[in-house]
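Peer 1: Can you look at this prediction? I've put the sequence above it.
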Amino acid sequence: QVQLVESGGGLVQAGGSLRLSCAVSGRTLPSYTMGWFRQAPGKDYEFVAMINWSGSSTDYADSVKGRFTISRDSAKSTMYLQMNSLKSEDTAVYYCNVAKGWSMYQRREIDSWGQGTQVTVSS
């Protein structure tokens with residue numbers, strides 16, 4: 001069983017930046033695709049970004065492409081999401097995830113969830 005603990009959320013003004021972290025324990029970090037989902041108030045879960053086991057391949061939702069950067073540090077068993085040029089529509093609870101396989105664009109592809117961290121962007 002893997003444990004995922006997110007941190008780094010908070011309140012930021014539009015145009016600002018935040019870096020989310022996800023500490024992983026209970027499973028070897030390098031072996032799995034990982035990523036982030038988010039859920040805005042009153043909306044469904046939304047794919048944000050993913051990174052493969054080696055860190056050599058990443059993908060992003062169109063809504064965050066060019067503004068967010070996902071990375072992972074296997075030595076520290078930690079994954080990161082650098083969020084720049086934040087917009088009010090980025091306000092959501094952000095979840096760290098481990099995929100069942102190589103892809104994680106949909107909820108059914110997720111094996112594990114963190115508890116979530118709130119990101120609030122004020123306009």
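Peer 2: Arrived safely. Numbering: from 1, shown residues only.

Peer 1: Count the residues that sit near Arg67.
Peer 2: Counted with other C-beta atoms under 10 Å, the neighbours of Arg67 add up to 15. C-beta coordinates here come from the backbone N, C-alpha and C atoms, glycine included.

Peer 1: Was I right to think it contacts Gln82?
Peer 2: No: counting by C-beta atoms under 8 Å, Arg67 stays clear of Gln82, with 9.2 Å between them.

Peer 1: And the next helix or strand past the lowest-mean-pLDDT helix or strand in the chain?
Peer 2: Lowest mean confidence among the helices and strands of the chain (mean pLDDT, DSSP states H and E): strand 110-113, at a mean of 93. As assigned by DSSP states H and E, the chain's next helix or strand after strand 110-113 is strand 117-122.

Peer 1: And the contacts of that next one?
Peer 2: When contacts are taken as C-beta atoms under 8 Å, 6 or more residues apart in numbering, the neighbours of strand 117-122 outside the stretch itself are 6-14, 16, 18, 20, 38, 83, 86-94.
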